[in-house]
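Engineer: Sequence below, structure please.
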Amino acid sequence: MRRFVGSQRSVPILFGIVTIIAYGLLLPTIGFYWDDWPFAWIARFLGPSEFIPAFLTFRPFLGPIFFLTTSLVPPVPLYWQILALVIRFVLTVSAWWMFRSIWPERPQQALAASLLFLVFPGYSQHWVALTHINQELIPLTAYLFSFGFTARAVRGESRLVSSLAAVLLQLIGLFSTEYFFALEFMRPLFILSMFPTIPFLKRAARAFRIWLPYFLIWLLNGAWLVVYYRAGPYTSYELSVVQAPSLSDLIIQLADAVWKAGLYVWVQILVLLKESGPSPTSVATIVIAAAAFALLLAWLMRLRPEEPPGASSAAPLLVLGAAGILLGRIPSLAAGLPLRLQSSYDRFMVSMMLGGSLFALGMLMLVLRRHRHLVVAVSLVAALGVGQQFFNANTFRRDWQKQGEIYRQLAWRIPGLAPGTLLLTHQMPIDYETDLSFTAPINWMYAPDFKPPTLPYALLYTEKRLGGPTLPKLEPGIEIRVPYRTVEFRGNTSRAVVLYVPENGCLRVLDPALGDEETYARESRFLVQAIKISRPDLIRPEATPGATPPFFSEGERSWCYYYAKAELARQQALWEEAAALGEQAAAAGYGPEDPVEWLPFIEAQARVGDVASALERTRTVVAVEPKLRIGLCSLWRRVQDSLGEEAFADQLDEVLGELRCTE
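Structural biologist: Sure, this is the predicted structure:
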């Protein structure tokens, strides 16, 4: 066993174990994010073949990749997360095979670089599986294999077959996405590194001759990008580097990329753990990283040492690494897009993973001269990467949990919805979804028998869309069109329902008839301005069966369940039902995080004649949150109008006076 662990045959097993530790421990608790939802919806309701026309005007060579994978894997989150593990493993094997093909005399260097590549902590988007498997990871895998086959051809190993395979895989990696457009220039650099004893000029001439056919294909791809994307959706991504930044700004941004991808990301987890404090996630991250370190150290120590590392062996890795980072940054920099860690923008790190891993290894080899010290350092840095990825997985787990809460509350509050309804909110308190992301599961919930071409529902963020072509104004009678790949939503602002999901609290349907413009006057203006066009009458309380969130069970009936059902009952003037729901919530020991959620229960108590209890609750709410005074005034005026001036006249006058409703 010791002999096997110390051999190169054991390396794929090590990759598999590390892949599971870094990316697989929370697999059942992770779901769909960002564009995963629209893509899953297309696969489920339109079929895999729809990806061909869906991508025709936007990265058209991605369509066949999506068609193939969605034909094999159903649109179920767990299945795609499992596939993400497999693809991540295959991607790492492709990197290892490539490094072994380039440097066959340095197998331990190839292994160390591949391990760092596997856990590269700057790229946190692994769990956006359906999207990034197809858009980046499969093309990158093809590109790395292409580099490896080029190396085999250079060494004379099945030269014709290897050259043809390298070209075919280059076409897949290059044409399917622009992420790796500049990475092609790593090929001649790898060729240069293969024969360090040959004089540089002779090596350079030879490398250029070998690279020339690949360079011509790269030029063809460049012409394709210029002609095709300038005529399509990519006209919104102007080439800002060509247009403008100063040389100093360009140098700063490139240096920032080297700093982040080559150095900072490897210790980023230490900063995040310090910021998060002694939370369960932090403790679990430390335990996972420690276990990974012990495993890697025990495994790598059994490998036979190569020649002692030093400046001469580190320099090529530092050059290759820095070049890989800079080349990987060029496409996103040219589009004017930022490089922000721990955000959706760190997806651009996927093209810098190769360079970042080589640069980090080069730095370690430059500083550490003894094999044992280098093994400890590589094990530690890789373990920090494992910890970072586990930390990221927890972030996505919490996001999926929050998604479930939102969809459940939406189903409780809105059992059915009239087709053609536009849902509006200023934004959602969630990190990995946008309004168009939410549009897919909403249609999944409320149109389970959808037939193209007209999309029944759409959700838009007013803060993001207002004033643009999608949502010109927040006034009645404005036609709304939302293209959604090959289908389209057509609606009108006169048929809109306004939602509000606070950071702490329950989902709410806002209603101008309930004085919500006054109640929520201190919230975002993008929310408040929309309230006047909200039409809760588009909700169908009697829908049978009611909406069911995809992939989520009903969950625990906590406070938000009783609140949503009470709001639905209030909408139908079922006051006794709403009051009973309040009593059930209290009996179960539930209460709101936000005092505004007492309002439907206060109104229900007053309407059924329990004015004393409603008045007592009103005083409690105002004491906790004085800014709700205006909303409570609106509530009690409605009660007064409903019950008449004579009913409970003294008590109504008392509460209106206490709230200073006449001021």
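
Engineer: what's the distance between the residue most central in space within the chain and residue 502?
Structural biologist: Closest to where the C-alpha atoms of the chain average out (Cα atoms, centre = their mean) is residue 432, at 4.1 Å. Note on residue 432: its distance to residue 502, by Cβ to Cβ, to the nearest Å, is 18 Å. The way it works is simple: take the backbone N, C-alpha and C, and place the C-beta from them, glycine included.

Engineer: what's the answer for residue 32, then?
Structural biologist: Residue 32 is 23 Å from residue 502, by Cβ to Cβ.

Engineer: Neighbour count: those two, which is higher?
Structural biologist: Just comparing residue 32 and residue 502: by other Cβ atoms under 10 Å the higher neighbour count belongs to residue 32, 30 against 15.

Engineer: Look at the more buried one and give its secondary structure.
Structural biologist: Classification of residue 32 by DSSP: H, G, I helix; E, B strand; the rest coil places it in coil.

Engineer: count of residues packed around the residue nearest to it when sequence neighbours are not counted?
Structural biologist: Nearest non-adjacent residue to residue 32, counting by Cβ to Cβ, 6 or more residues apart in numbering: residue 77, 5.3 Å away. For residue 77, the neighbour count with other Cβ under 10 Å is 22.

Engineer: And the pLDDT for residue 590?
Structural biologist: Residue 590 carries a pLDDT value of 94.

Engineer: helix, strand or coil for it?
Structural biologist: For residue 590, the assignment made with three-state DSSP gives coil.

Engineer: Now residue 570: closest residue in space, sequence neighbours ignored.
Structural biologist: residue 600 (4.7 Å).

Engineer: Actually, residue 521.
Structural biologist: Setting aside the residues directly before and after it, residue 521 is nearest to residue 528 in space (Cβ to Cβ, 6+ apart), at 6.1 Å.

Engineer: what does the average pLDDT come to for stretch 531-541?
Structural biologist: Averaging pLDDT along stretch 531-541 gives 96.

Engineer: Enumerate the positions of it that are buried.
Structural biologist: 531, 533, 534, 535, 536, 538, 539, 540 (16 or more other Cβ atoms under 10 Å).

Engineer: ok, back up a step: if I look at the residue nearest to residue 32, how far off is residue 493?
Structural biologist: In this view, residue 77 and residue 493 are 34 Å apart by Cβ to Cβ.

Engineer: swap in residue 213?
Structural biologist: Counting by Cβ to Cβ - residue 213 and residue 493 are separated by 56 Å.

Engineer: Pick out whichever of the two has more residues nearby.
Structural biologist: Taking other Cβ under 10 Å, residue 213 and residue 493 do not tie; residue 493 has more neighbours (20 against 14).

Engineer: What is the neighbour count of the spatially closest residue to that one that is not a sequence neighbour?
Structural biologist: Nearest non-adjacent residue to residue 493, counting by Cβ to Cβ, 6+ apart: residue 478, 4.2 Å away. Other residues within reach of residue 478, judged by other Cβ under 10 Å, total 16.

Engineer: and residue 169, helix, strand or coil?
Structural biologist: helix.

Engineer: With adjacent residues omitted, what lies nearest to it?
Structural biologist: Closest residue to residue 169 apart from its sequence neighbours, by Cβ to Cβ, 6+ apart: residue 146 at 3.7 Å.

Engineer: Repeat that for residue 661.
Structural biologist: residue 633 (3.8 Å).

Engineer: Please report the distance of that neighbour from residue 652.
Structural biologist: To residue 652, residue 633 is 12 Å away according to Cβ to Cβ.

Engineer: repeat for residue 623
Structural biologist: Using Cβ to Cβ, residue 623 is found at 20 Å from residue 652.

Engineer: If you count surrounding residues, which of those two has more?
Structural biologist: Neighbour count, other Cβ under 10 Å: between residue 623 and residue 652, residue 652 has more, with 21 against 9.

Engineer: wait, is that one part of a helix?
Structural biologist: Yes: assigned with three-state DSSP, residue 652 falls within a helix.

Engineer: Could you report the pLDDT at the nearest residue to it once chain neighbours are set aside?
Structural biologist: Excluding the flanking residues, the one nearest residue 652 by Cβ to Cβ, 6+ apart is residue 640, at 5.1 Å. At residue 640, the model reports a pLDDT of 82.

Engineer: count of residues packed around residue 640?
Structural biologist: That count, for residue 640 with other Cβ under 10 Å as the rule, works out to 19.

Engineer: now do residue 505
Structural biologist: Residues lying near residue 505 (other Cβ under 10 Å) number 18.

Engineer: pLDDT (mean, whole number) over the helix or strand residue 99 falls within?
Structural biologist: In the assignment (DSSP states H and E), residue 99 maps to helix 77-102. Helix 77-102 shows a mean pLDDT of 97.

Engineer: what packs against it?
Structural biologist: helix 11-19, helix 107-118, helix 129-132, helix 138-154 (3 or more Cβ pairs under 8 Å, 6 or more residues apart in numbering; DSSP states H and E).

Engineer: Number of residues surrounding residue 412?
Structural biologist: 23.

Engineer: Next, find the distance separating the closest residue to residue 551 other than its chain neighbours from residue 30.
Structural biologist: Distances taken as Cβ to Cβ, 6+ apart put residue 77 closest to residue 551, at 5.9 Å, once the chain neighbours are dropped. As judged by Cβ to Cβ, residue 77 and residue 30 stand 7 Å apart.

Engineer: Phi first, then psi, for residue 505.
Structural biologist: Per-residue torsions, residue 505: phi 140, psi -170 (degrees, to the nearest 10).

Engineer: That one: what's it in contact with?
Structural biologist: 592, 593, 594, 596, 597 (Cβ atoms under 8 Å, 6 or more residues apart in numbering).

Engineer: quick one, what contacts residue 297?
Structural biologist: 375, 376, 379.

Engineer: Next one: residue 288 from residue 353, what distance?
Structural biologist: As judged by Cβ to Cβ, residue 288 and residue 353 stand 21 Å apart.

Engineer: The two: which has the busier surroundings?
Structural biologist: A count of neighbours by other Cβ under 10 Å puts residue 353 above the other of residue 288 and residue 353, at 25 against 20.

Engineer: Was I right to think that one contacts residue 119?
Structural biologist: No: assessed by Cβ atoms under 8 Å, residue 353 is found out of contact with residue 119, at 10.0 Å.

Engineer: Break down the protein into its strands, ranges please.
Structural biologist: Counting by DSSP state E, the chain has strands at residues 422-425, 454-455, 458-461, 479-484, 487-492, 496-500, 508-510.

Engineer: Just put those in JSON lines and tack on distance to residue 261.
Structural biologist: Output for these, formatted as JSON lines (distance: least, Cβ to Cβ, whole Å):
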{"stretch": "strand 422-425", "distance to residue 261": "36"}
{"stretch": "strand 454-455", "distance to residue 261": "39"}
{"stretch": "strand 458-461", "distance to residue 261": "31"}
{"stretch": "strand 479-484", "distance to residue 261": "34"}
{"stretch": "strand 487-492", "distance to residue 261": "38"}
{"stretch": "strand 496-500", "distance to residue 261": "39"}
{"stretch": "strand 508-510", "distance to residue 261": "42"}
